[in-house]
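> structure here, sequence nowhere to be found:
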Ligand SMILES: [Zn+2]
């Protein structure tokens with residue numbers, strides 16, 4: 001029993017689990033994909049609720065989802081970090097040592113972060129030598145950056161929803177497995193509250209609801225990751241065209257897989273669910289606010305004390321943005337952005353305002369006309385009006401797969 005192999009080895013008994021673990025958990029994470037079309041089904045669990053008014057039993061469908069209130073921040077060296085808010089989380093280790101005491105050091109620092117914002121804002125207003133519209137635009141943009149750069153921010157709420165992602169072939173049709181059912185993977189999709197709201201609206205517009213919905217997500221062929229999501233379209237599939245309707249056995253298979261699903265392990269895909277101990281979180285915040293804390297202490301004994309942190313960092317960070325965040329009173333101004341003698345700087349580098357060119361509508365594939373087409377949902381972002389292009393048939397993926405629509409029971 002003393003061999004290292006015996007002590008350290010872990011047997012593999014399940015290949016899928018093995019692959020999921022070695023993928024760093026990313027196997028379970030749903031990711032949007034440039035220029036791609038995804039066919040997504042929203043699985044559900046059935047419950048029976050009692051109608052309080054009538055006392056009658058009512059069957060309800062529930063999505064399988066978690067809600068997460070997330071603090072997001074960027075480390076000094078530019079790494080994106082996130083953790084679930086620790087407020088009211090009480091947790092002990094196996095020896096009874098308290099790991100989380102219900103406090104949230106991130107929440108506790110939010111007001112300090114706003115104080116820093118106000119400090120930087122005032123300094124920028126004092127030092128900015130621009131006038132008129134240039135000044136207005138510069139300050140607005142700079143203040144937005146300061147808001148983004150806050151060291152601790154209020155939580156953002158996300159929904160993590162279990163979805164079924166069907167495998168599609170290159171023509172966009174479902175890949176059929178050896179059991180004659182469409183192949184799929186379970187994924188966890190992370191959606192901001194505003195995206196959930198839009199999704200809900202789009203589905204409601206077609207008279208459906210989120211549980212048991214089948215949706216086509218189409219992503220534009222652009223490089224900017226934010227645009228991939230914001231300009232994507234979501235089209236609910238017409239009820240009779242859903243794969244779970246066309247393949248009655250598919251629903252059973254999905255239900256069985258969903259019943260086996262556990263949230264354990266999603267922390268590998270979504271770092272915020274790794275959590276932090278209270279001490280770890282406090283240390284993280286104290287380190288980030290070290291210079292601010294020093295400044296506040298100094299200020300008590302020296303009213304002219306200055307908070308220097310961003311003045312040291314900024315010059316190398318944003319040399320091309322026309323003097324953002326520099327030049328607080330009494331601080332030497334960085335040479336390449338200097339406003340000589342207090343005159344307006346003649347050649348402020350102009351930040352490009354032209355939006356990246358985006359193909360508004362994905363090139364339509366030649367598709368047979370399907371009998372019924374669910375309403376096309378408009379892209380969420382404003383896009384230039386493209387020359388009239390035939391609408392892509394959202395149900396094209398079903399072409400040639402028959403249209404049997406037997407009733408199913410769950
Ligand atoms: Zn918090």
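Good, I have the coordinates. The structure presented is a predicted model; accordingly, all values stated were derived computationally and were not measured.
> check which helices and strands whichever strand or helix holds residue 295 sits against.
Of the helices and strands defined by DSSP states H and E, residue 295 is found in helix 290-301. On a contact count with 3 or more Cβ pairs under 8 Å, 6 or more residues apart in numbering; DSSP states H and E, helix 290-301 meets helix 110-127. Where you see a C-beta, it was placed from the backbone N, CA and C, and this is true even at glycine.
> helix 290-301 and the helix it packs on, what's the angle between them?
Angle of helix 110-127 versus helix 290-301, following axes from the mean of the first three to the mean of the last three Cα atoms, to 10 degrees, is 70 degrees.
> tell me the contacts of the residue in the stretch 251-400 of the chain positioned nearest to the ion?
Proximity of the stretch 251-400 of the chain to the ion (Cβ to the ion) peaks at residue 281, 8.7 Å away. Residues counted as contacts of residue 281 (Cβ atoms under 8 Å, 6 or more residues apart in numbering) are 83, 86, 104, 105, 106.
> quick check: it is in a helix.
Yes - under DSSP: H, G, I helix; E, B strand; the rest coil, residue 281 sits within a helix.
> any idea how far residue 106 is from it?
In this view, residue 281 and residue 106 are 6 Å apart by Cβ to Cβ, to the nearest Å.
> common neighbours of those two, please.
Listed contacts common to residue 281 and residue 106 are 83, 86; contacts here mean Cβ under 8 Å, 6+ apart.
> state whether residue 117 and residue 150 are indeed in contact, as I suppose.
Yes - between residue 117 and residue 150 there is a contact at 5.9 Å, judged by Cβ atoms under 8 Å.
> so what would you say the end-to-end distance of stretch 235-249 is?
24 Å (Cα to Cα, to the nearest Å).
> would you mark the buried spots in that stretch?
235, 236, 237, 238, 239, 241, 242, 243, 244, 245, 246, 247 (16 or more other Cβ atoms under 10 Å).
> what bridges to the closest residue to the third one other than its chain neighbours?
Counting by Cβ to Cβ, 6 or more residues apart in numbering, residue 237 lies nearest to residue 214, which is 4.0 Å off, once chain neighbours are set aside. Partner residues in beta bridges with residue 214, using DSSP bridges, are residue 41.
> with residue 60 instead?
Beta bridges link residue 60 to residue 47 when assigned by DSSP bridges.
> spell out which residues of the chain are next to the ion.
Residues of the chain lying near the ion by Cβ under 5 Å from the ion: 85, 87, 104, 106, 107.
> the same query, at a cut-off of 6 Å, please.
Contact residues, the chain versus the ion (Cβ under 6 Å from the ion): 71, 85, 86, 87, 104, 106, 107, 155.
> tabulate the residues you listed (CSV), appending pLDDT.
Output for these, formatted as CSV (pLDDT from 0 to 100):
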residue, pLDDT
71, 97
85, 96
86, 96
87, 95
104, 97
106, 97
107, 97
155, 97
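> all good on my end, thank you.
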